[in-house]
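Student: Based on what follows, work out the 3D shape:
(chains A and B)
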Amino acid sequence: SQKIEQNSEALNIQEGKTATLTCNYTNYSPAYLQWYRQDPGRGPVFLLLIRENEKEKRKERLKVTFDTTLKQSLFHITASQPADSATYLCASLFSGGYNKLIFGAGTRLAVHP
Amino acid sequence: DVKVTQSSRYLVKRTGEKVFLECVQDMDHENMFWYRQDPGLGLRLIYFSYDVKMKEKGDIPEGYSVSREKKERFSLILESASTNQTSMYLCASSLSGVKNNEQFFGPGTRLTVL
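Tutor: Numbering: from 1, shown residues only, chains lettered A, B, ... in the order given. The predicted model follows:
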């Protein structure tokens, strides 16, 4: 079955460093991958989308890459700040249609001052 | 500002009760979704709807039903609540026919079944 996997361990980094989160997919080839941010007790918020024919996408301090050979997307936050602390979810379109997304379990990021 | 609202942030019910969770979106979106989120399991799709009165089962529909009588409103029903349905429930909506299928989420309802 189509699956998305993210590192379940929390990522702890120092303020100012670059955070890198990983999303791996198996058993399908998604046309795109999305990244969402979720704060405790709140719903996820869409951040970025990268298509299979794009190697890299940037938005302010965020950068996403898509490697179809490795079946992986990397999500980077440069010059990280404590306010970036949250859980980050990776998602892709289910190939069976209906605009349905498959979500990873998310990786919690903690940025320490 | 686009908005998805859910009827309750916190809800406590007893085993066997019928529970209604309501979701309303003001963006004229065709698609609406109900997920539950549990630690370590991520977001799991319960049901979704791509049009009024249309519904499709997601990955974990057992014990749930849905209703979509109006475009803006999508209700999740727990016919007879059980303790294993204690969870965070998230509603989302999205447009059809767009390339990115970004989903907009509500704030969530944390349901506890005693």
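
Student: Going along the chain, name the strands of the chain.
Tutor: Assuming you mean chain A. Per DSSP state E, chain A carries strands over the ranges A:3-6, A:11-14, A:19-26, A:32-38, A:45-51, A:56-59, A:62-67, A:72-77, A:86-93, A:101-103, A:107-112.

Student: The intended chain is chain B.
Tutor: Counting by DSSP E, the strands of chain B are B:4-6, B:10-13, B:19-25, B:31-38, B:42-49, B:56-57, B:64-70, B:73-78, B:87-94, B:104-105, B:109-113.

Student: Any chance of those in JSON lines with mean neighbour count as columns?
Tutor: All C-beta spots, glycine's among them, are computed from the backbone N, C-alpha and C. JSON lines is the format used below for the strands of chain B (neighbours: other CB atoms under 10 Å in any protein chain shown):
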{"stretch": "strand B:4-6", "mean neighbour count": "18"}
{"stretch": "strand B:10-13", "mean neighbour count": "14"}
{"stretch": "strand B:19-25", "mean neighbour count": "19"}
{"stretch": "strand B:31-38", "mean neighbour count": "23"}
{"stretch": "strand B:42-49", "mean neighbour count": "22"}
{"stretch": "strand B:56-57", "mean neighbour count": "14"}
{"stretch": "strand B:64-70", "mean neighbour count": "16"}
{"stretch": "strand B:73-78", "mean neighbour count": "20"}
{"stretch": "strand B:87-94", "mean neighbour count": "24"}
{"stretch": "strand B:104-105", "mean neighbour count": "20"}
{"stretch": "strand B:109-113", "mean neighbour count": "18"}
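
Student: right, and those - which one's nearest A:F103?
Tutor: Closest approach to A:F103 among these is made by strand B:42-49 (4.1 Å; CB to CB).

Student: Return the residues in contact with the residue in chain B that chain A sits nearest to.
Tutor: Closest residue of chain B to chain A, CB to the nearest CB: B:F105 (3.0 Å). By CB atoms under 8 Å, 6 or more residues apart in numbering or on different chains, the contact list for B:F105 reads A:G43, A:P44, A:V45, B:V4, B:L90, B:C91, B:A92.

Student: Could you list the low-confidence segments of chain B?
Tutor: B:1-2, B:97-100 (pLDDT under 70).

Student: Repeat the analysis, applying 90 as the threshold.
Tutor: Low-confidence segments of chain B (pLDDT under 90): B:1-2, B:39-42, B:59, B:95-102.
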